[in-house]
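Colleague: Pasting a predicted model and its sequence here:
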Amino acid sequence: MKKLAFLPLVLLNFPAFAHQGDHTGMTMWEIVEHVFETDHIVFAAIAVVTGIVCFRAGRRAEARAHGRKDNAK
């Protein structure tokens, strides 16, 4: 049942048009240059930091949950 909760998100998936213009004819150098623009690097860093914070919070919550179970025995 939980898997069906994500079905609308999958069906409504569409590409994000963050920048104007057509990027289909880009050379490899243009792609590398585009990826390493300042705004892309900043948002990638934000995504990595968010992932690390969420991972650590999940580990702490898991440790607390296991600690409570062990104390109840």
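Modeller: Yes, it's here. Numbering: from 1, shown residues only.
Colleague: low-scoring stretches of this structure, by residue?
Modeller: Low-confidence segments of the chain, defined by pLDDT under 70: 1-3, 9-19, 23, 68-73.
Colleague: cutoff 50 now
Modeller: Applying pLDDT under 50 to the chain picks out residues 71-73.
Colleague: Roughly how far does the residue positioned nearest the centre of the chain sit from E30?
Modeller: The centroid of the chain falls nearest to A47 when counting by CA atoms, centre = their mean (6.0 Å). As defined by CB to CB, to the nearest Å, A47 lies at a distance of 23 Å from E30. Any C-beta I mention is one placed from the backbone N, CA and C, and that applies to glycine too.
Colleague: check contacts around L4.
Modeller: Listed by CB atoms under 8 Å, 6 or more residues apart in numbering, L4 has no contact partners.
Colleague: ignore the last one, A44
Modeller: A44 neighbours (CB under 8 Å, 6+ apart): none.
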